[in-house]
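[1] Sequence first, then the predicted structure, then my questions.
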Amino acid sequence: MNPDELIEAAVKETGLDDFGTDSFREGLDVYCESVSKEARLNAVGLMAVPASVTASLANRLKVVDWSKRNPEVRARPIEQPLIVIGMFRAGTTLLSNLLDCDPSNRALLRWEAGDSVPPPTPDSLRRGPRVDAARASGEMLEQLNPRMAVVHHEEADGPTECIAVMTQDFKSLALEAMTNIPTYGRWLQEIDQRSAYEYHHLVLQVLQSGGASGRWTLKSPHHATALPALTTVYPDARLVVLHRDPLILCASVCSLIHTLSSTFSDADHRAYIARHWTDLLDLSIERTEAFRAAHPEHQIVDLQYEDLVRAPAETVERIYGAFGDALGPAARSAMDTYVATHPRGKFGRHRYDLAEFGLDKGEVAERFSSYATRYDVPIET
């Protein structure tokens, strides 16, 4: 994991050498050092992790090059994006898929987040060689680790998280989800993440320049930890938070991270996962509350996971109404169809247990009791 060698590989692959700015470099250096010293990669990880870094650098090179050759791209604004900012494992994936059913919306799709140039046209947005390649890559991961399909399945032509793009500035929880890297984790929470959002903004401008446009609907629980940076870049963003029983949130996110990272390491990282991701949930709550207090001008719509699961289209309608919009009949029908054809547990039931990670239910409940009370979160356990 030598950063200079990875940069050289990306330059050689693309024939390009302009990364736009060097904002990515410190994160790349910290990440590579942290992986080398802490991740304890297995044979799969030793191949996959450097390859993923090279791919991130290569896409950044292509995005910057496209924007230089097509300067009009930067002139088109990103207006009033609807951004689901969390919580972890509280139904954000379901909500983003429902929002994607509305033809007036424009989701960030999994395939294009990592292969952004040339930008998709309306005809190539959901099909073509790049979509097929992303689908094959996802299927390979699920073959290596079949539990991934149960825990967190994303379609190649479906919505993905913003962290897939932010990884290309090397300020992203995606890097922590793939590998357990305490040094990088501490660094990420101490820095100003604005450059990652500025790069994210540029990627959206590039992606919409091919004609596949609409109101952006985005999501990642990462955003709850960096709201000042997010709203500096997207000052008119429409923010949504989903709430769920914190015992479920903690158990589910630990299970997700353990499942994903165990593909790339045979070491037992469960003690670190339990401590770190529970702390991150706490931090996301704390920082969201601090942001609310400091910026009352930014409306945040709060929703319950229970309501989303019980009445999906109605919940989306509430979001639209809060921001002065209406949910059209065609979009509502598409959402109802999506729910009918994507039953919960389609790929198997996700089972998780706090005890597997050495977490005590009573202690976790006490730690997050003020959060659960503040938002009147229904208890599922």
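    Sure thing, it's come through. Numbers count the residues shown, from 1 in each chain.
[2] so which helix or strand takes in V240?
    When secondary structure is defined using DSSP states H and E, the element that contains V240 is strand 238-243.
[3] Against which helices or strands is the helix or strand following that strand packed?
    Scanning forward in sequence from strand 238-243 by DSSP H and E, the next helix or strand is helix 246-261. Here helix 246-261 touches helix 147-151, helix 173-178, helix 270-294, helix 361-367, going by 3 or more C-beta pairs under 8 Å, 6 or more residues apart in numbering; DSSP states H and E. For every residue, glycine as well, the C-beta is placed using N, CA and C.
[4] tell me the most buried of the ones you listed?
    Mean neighbour count, computed with mean count of other C-beta atoms under 10 Å, is highest for helix 173-178 among those, reaching a mean of 22.
[5] tell me the mean pLDDT over it?
    Mean per-residue pLDDT for helix 173-178: 94.
[6] list the helices and strands that helix packs on?
    In terms of contact count using 3+ C-beta pairs under 8 Å, 6+ apart, helix 173-178 is assigned the packing partners helix 163-166, helix 182-190, helix 246-261.
[7] quick revisit: export the helices and strands packed on helix 246-261 to TSV and append columns for distance to G328.
    What follows is those, written out as TSV (distance: least, C-beta to C-beta, whole Å):
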stretch	distance to G328
helix 147-151	32
helix 173-178	33
helix 270-294	30
helix 361-367	41
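[8] Of those, which is nearest T121?
    Distance to T121, taken as C-beta to C-beta, is lowest for helix 173-178 among those, at 27.1 Å.
[9] which residues of the stretch 51-200 of the chain fall in helices?
    Chain-ordered helices for the stretch 51-200 of the chain, with DSSP state H, counting those that start in this stretch as the definition, fall at 92-100, 110-114, 129-144, 147-151, 163-166, 173-178, 182-190, 194-208.
[10] before we move on, back to that, ok, residues contacting the strand holding V240?
    Judged by C-beta atoms under 8 Å, 6 or more residues apart in numbering, the contacts made with strand 238-243 from elsewhere in the structure are 80-87, 90-92, 95, 224, 227, 288, 298-305, 308, 319, 323, 375, 377.
[11] Now the buried members of the residues you listed.
    Neighbour-count burial (16 or more other C-beta atoms under 10 Å) applied to these gives 81-87, 90-92, 95, 224, 227, 288, 298, 300-301, 303-305, 308, 319, 375, 377.
[12] Please verify my assumption that F368 contacts P246.
    Yes - with contact defined as C-beta atoms under 8 Å, F368 and P246 form a contacting pair (3.6 Å).
[13] neighbour-wise, which of the two wins?
    Set side by side, F368 and P246 give different neighbour counts by other C-beta atoms under 10 Å, the larger being at P246 (25 against 20).
[14] Surely the more buried one and A365 touch.
    Yes - taking contacts as C-beta under 8 Å, P246 lies within contact range of A365: 7.3 Å.
[15] just for the chain, where's the confidence low?
    Confidence mapping of the chain against pLDDT under 70 gives the ranges 145-152, 345-352, 381.
[16] So which residue is dead centre in it?
    Among the residues of the chain, the one closest to the centroid is E161, at 2.7 Å (C-alpha atoms, centre = their mean).
[17] mind checking the end-to-end distance for stretch 230-250?
    Taking C-alpha to C-alpha, to the nearest Å, the span from the opening residue of stretch 230-250 to its closing residue is 24 Å.
[18] Name the residues of it that come out as buried.
    For stretch 230-250, a neighbour-count test (16+ other C-beta under 10 Å) marks 230-231, 233-234, 237-250 as buried.
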